[in-house]
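J.: Sequence first, predicted coordinates after that:
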Amino acid sequence: MSFRFAIPSELRGAVDAATVDWQANRKIERFWKKDPSLWNSDGEEKWMGWIDIVERQQKDLSALAELGGDVRSGGFTSVLLLGMGGSSLCPEVLAKTFGPQEGFPALHIVDSTDPAQVLAACEAVDLGETLVIVASKSGSTLEPNILKEFFFDQVRRVVGAANVGSRFVAITDPGSKMEQVAKDGGFRYIFYGDPQIGGRYSALSNFGLVAATVAGLHVGQLLDEAAKGVASAKEPIQNNPGAQLGLLLGSAANAGRDKITIFTSPEIYDLGAWLEQLIAESTGKQGKGITPVDREAIGAPEVYGNDRVFAYVRLKNAADASAQADLDAKVAALEAAGHPVVTIEIEDLYEIFGQFFTWEIATAVAGSVMGINPFNQPDVEAAKIETRALTTEYEKTGTLPERQPVLSEAGIELYATEAYAAKLRSSAPTDSLTGFLRAHLGELRAGDYFAALAFLPMFPEHEAAIQVLRHGVRDRKHVATCLGFGPRFLHSTGQDYKGGPNTGVFLQITAAHAEDAEIPGQRYSFGVVIDAQAAGDLAVLEARGRRALRVHLGADVSAGLNALNAAVVAALG
């Protein structure tokens, strides 16, 4: 692993000052002693179990070895991992980066409550040959709990009540509700998390290693690579890439460069999804934040404002040398234009485990420089509370509360608060879908960002359509753009959107459900749940004074997205 930092002169002074502060006050040494005064003295030391988890995992790999042997010989062709946020994003990176390994089942991630996506996941595998992992630190998170109920019932129908428990594995913290569910259900294994490691810092704990094991990766090798990241993080700052990166990110955010745009070689593209949660949920609070921008295609320097830091994680000897050379040249152009650029090169896919630790260090250091606690997530719970209230109301009445659209046109409905709708109507050139979108996108100013929040099935065709939309906004408005699928982003970037600076302009996209899936033991269905989650998230954004507009499509999502894209093109014209 090699690092290169290109820091423009206007930012160099702040980075140097932060570096001097960390050296003079022995902050690396204090970090490894879990000194909470590096942050806000807010109990941060209680959430730093991740700094020595690699060493602890290396001491005893017997349980993981047993699991690996069992999975390999057990006749399983697929593994479904049910989880959200920190419990699922690292496993997703592993599944997409390494792919299926010979002799081991294919690893699939289920982190949605959209009924079409849940049903698609169910239909994509042979449930009679599938191992299901339920990953939930607290054991009380809505999504993995209802996903477990659904898939437990589905597997039971195939293998019978006597055998269903043996097809399930739990990863959870000791004493959680999920631990008891697993014991009562006769789960094949229970693996434990560390209560002093938050979800987004758990990649190198059992939440990442169990997934790596069942996917056929070499756990000893990946921990050796992670240990290299640990060793470098104990070095003095001049030899410590994680600390240097954190000092840059924190100093840049304080100076107004509070968006980090992530580029990668194609083989490791999904690393950005994990980085999104780590960075956004750790730093987006108290009106501050570093907003991660993932999967935004690289553009010419002139489409970017002066609010970005660029991080390029490069795989040496990538398969497509021509594409890599093109990306190299475009990143070099950003550096030549005076933007701060961090270039990280890894030589082997297993080095991604060292990246996990290095970025965790960087994020924690950035939090110190910014004066925030990088280990809490005070605003994530707000949307959960709203969702619980709505689903409880549904259980009582059989319906979710309805809002009146501010506009209906050709099967598409728009929703906003009365005050925001009036503001948009006053500036819209016409009382139409295009007019409202033009007024909404007209809210974007230098230093703002645009976020498309899609409570839709995360299918490739839907993501591709919204990617067209976001890039149109980026290129026309010269602002950072984000794309998140609900409800997974609620456990990731949602913290920054609600608790960070009020610089986001949000377009929530929902749709009617062409199909639904019932949840055993519940009156509400998956369709009701995701509708409640979308409504709850919008309510919290609105309560925080965010500029938010909801677009509701019909049951034909692809047709609705095409119509929306056409309206956005017209609005930007």
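T.: Yep, it's here.
J.: Surely residue 475 and residue 299 touch.
T.: Yes. Using CB atoms under 8 Å, residue 475 is in contact with residue 299, at 6.8 Å. Where C-beta positions appear, they are placed from N, C-alpha and C, glycine not excepted.
J.: Nearest spatial neighbour of residue 101, chain-adjacent residues omitted?
T.: The shortest distance from residue 101 to any residue other than its chain neighbours is 3.0 Å, reached at residue 216 (CB to CB, 6 or more residues apart in numbering).
J.: contacting residues around the residue lying closest to residue 265 once chain neighbours are set aside?
T.: Take residue 265 and drop its neighbours on the chain: the residue closest to it by CB to CB, 6+ apart is residue 315, 3.9 Å away. Each residue near residue 315 by CB atoms under 8 Å, 6 or more residues apart in numbering is listed here: 264-265, 267-268, 345-347, 349.
J.: pLDDT wise, what is residue 315 at?
T.: Looking at residue 315, its pLDDT reads 98.
J.: just residue 490 next, same as before
T.: We have a pLDDT of 95 for residue 490.
J.: mind listing what the nearest residue to it once chain neighbours are set aside touches?
T.: Distances taken as CB to CB, 6+ apart place residue 383 nearest to residue 490, at 5.4 Å, with adjacent residues excluded. Applying CB under 8 Å, 6+ apart to residue 383 gives the contacts 490, 494, 498, 533, 536-537, 540.
J.: And for residue 558?
T.: Shown in contact with residue 558 (CB under 8 Å, 6+ apart): 461-462, 465.
J.: quick revisit: could you give the secondary structure assignment for the residue nearest to residue 101?
T.: Assigned by DSSP: H, G, I helix; E, B strand; the rest coil, the conformation of residue 216 is coil.
J.: That one and residue 99, how far apart?
T.: From residue 216 over to residue 99 the distance is 10 Å, taken as CB to CB, to the nearest Å.
J.: So the two - more neighbours on which side?
T.: residue 216 (19 against 13; other CB atoms under 10 Å).
J.: contacting residues for that one?
T.: Here residue 216 is in contact with 68, 72, 100-104 (CB under 8 Å, 6+ apart).
J.: And residue 448, by the same measure?
T.: Counting by CB under 8 Å, 6+ apart, residue 448 makes contact with 479, 503-505.
J.: In strands only, show me these.
T.: Members of the contacts of residue 448 lying in strands (criterion: DSSP state E): 504-505.
J.: I'd like the contacts of residue 448 laid out as a markdown table, including distance to residue 26, pLDDT and neighbour count.
T.: Listed next are these as a markdown table, based on distance: CB to CB, whole Å; pLDDT from 0 to 100; neighbours: other CB atoms under 10 Å:
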| residue | distance to residue 26 | pLDDT | neighbour count |
| --- | --- | --- | --- |
| 479 | 40 | 98 | 24 |
| 503 | 35 | 98 | 20 |
| 504 | 38 | 98 | 27 |
| 505 | 43 | 98 | 22 |
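J.: and the contacts of residue 448 as a markdown table, adding distance to residue 49?
T.: Listed next are those as a markdown table, based on distance: CB to CB, whole Å:
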| residue | distance to residue 49 |
| --- | --- |
| 479 | 38 |
| 503 | 33 |
| 504 | 32 |
| 505 | 38 |
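J.: From the contacts of residue 448, pick the one nearest residue 196.
T.: Distance to residue 196 across the contacts of residue 448 (CB to CB) is lowest for residue 504, with 31.8 Å.
J.: Dump stretch 348-356 to PDB, keeping only the CA atoms.
T.: As requested, the backbone C-alpha atoms of stretch 348-356 are provided in PDB (Å, rounded to 0.1, in the frame of the first residue of the first chain):
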ATOM      1  CA  ASP A 348      -3.600  -7.000  -4.100                       C
ATOM      2  CA  LEU A 349      -7.300  -7.300  -3.300                       C
ATOM      3  CA  TYR A 350      -6.500  -8.600   0.200                       C
ATOM      4  CA  GLU A 351      -5.000  -5.200   1.000                       C
ATOM      5  CA  ILE A 352      -8.500  -3.900   1.100                       C
ATOM      6  CA  PHE A 353      -8.500  -5.100   4.700                       C
ATOM      7  CA  GLY A 354      -5.700  -2.800   5.600                       C
ATOM      8  CA  GLN A 355      -7.800  -0.100   3.900                       C
ATOM      9  CA  PHE A 356     -10.600  -0.700   6.300                       C
END
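J.: By neighbour count, which bits of it are buried? Give me those.
T.: Applying a neighbour-count criterion of 16 or more other CB atoms under 10 Å, one finds 349-356 buried in stretch 348-356.
J.: which one of those is nearest residue 334?
T.: Nearest to residue 334 among the buried residues of stretch 348-356, counting by CB to CB, is residue 355 at 20.9 Å.
J.: Report how many residues lie close to residue 175.
T.: Using other CB under 10 Å, residue 175 has 11 neighbouring residues.
J.: if we can go back for a sec, and the contacts of residue 315, which of them are buried?
T.: Buried by 16+ other CB under 10 Å: 264-265, 267-268, 346, 349, out of the contacts of residue 315.
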